[in-house]
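# Sequence unavailable; structure follows:
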């Protein structure tokens, strides 16, 4: 992926997370595009639907949590507690 396309993807996902936290997942896509300082066309090329954007945001959240589980070591109970705690904090 070109560096500018990757930069746009990162900006869109960060903007989506902020807008969804403020307004909810039904926020207008134009608001996400404005927050990312990109055109709606750029947003739609990368994420054609709101569902595509929501899924990408959720995947990013899950990927970030892998480190939390890995840091817990080999105890599955500790890993589970840390993962759930981290997920709840992320959603709050």
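Received it, and whenever you're ready, just let me know what you need. Note that the structure is predicted; figures quoted are calculated from it, not measured. Residues are numbered from 1 along each chain as shown.

# can you list the weak-confidence ranges in this structure?
The model of the chain has pLDDT under 70 over residues 1, 65-74, 90-92.

# Find the centremost residue of it, please.
Centroid-nearest residue in the chain: residue 57, 2.6 Å away (criterion: Cα atoms, centre = their mean).

# next helix or strand past the helix or strand hosting that residue?
Residue 57 is part of helix 50-71 when elements are defined by DSSP states H and E. Sequence-wise, the next helix or strand downstream of helix 50-71 (DSSP H and E) is helix 76-91.

# Please identify the buried residues of that following helix?
79, 82, 83, 86 (16 or more other Cβ atoms under 10 Å). (Glycine included, C-beta is placed from N, CA and C.)

# helices or strands next to the helix or strand where residue 8 lies in the packing?
Assigned by DSSP H and E, residue 8 falls within helix 3-23. For helix 3-23, the packing partners by 3 or more Cβ pairs under 8 Å, 6 or more residues apart in numbering; DSSP states H and E come out as helix 29-36, helix 40-46, helix 50-71.

# Kindly reformat those helices as CSV and extend each row with distance to residue 23.
Formatted as CSV, the helices and strands packed on helix 3-23 follow (distance: least, Cβ to Cβ, whole Å):
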stretch, distance to residue 23
helix 29-36, 7
helix 40-46, 16
helix 50-71, 12
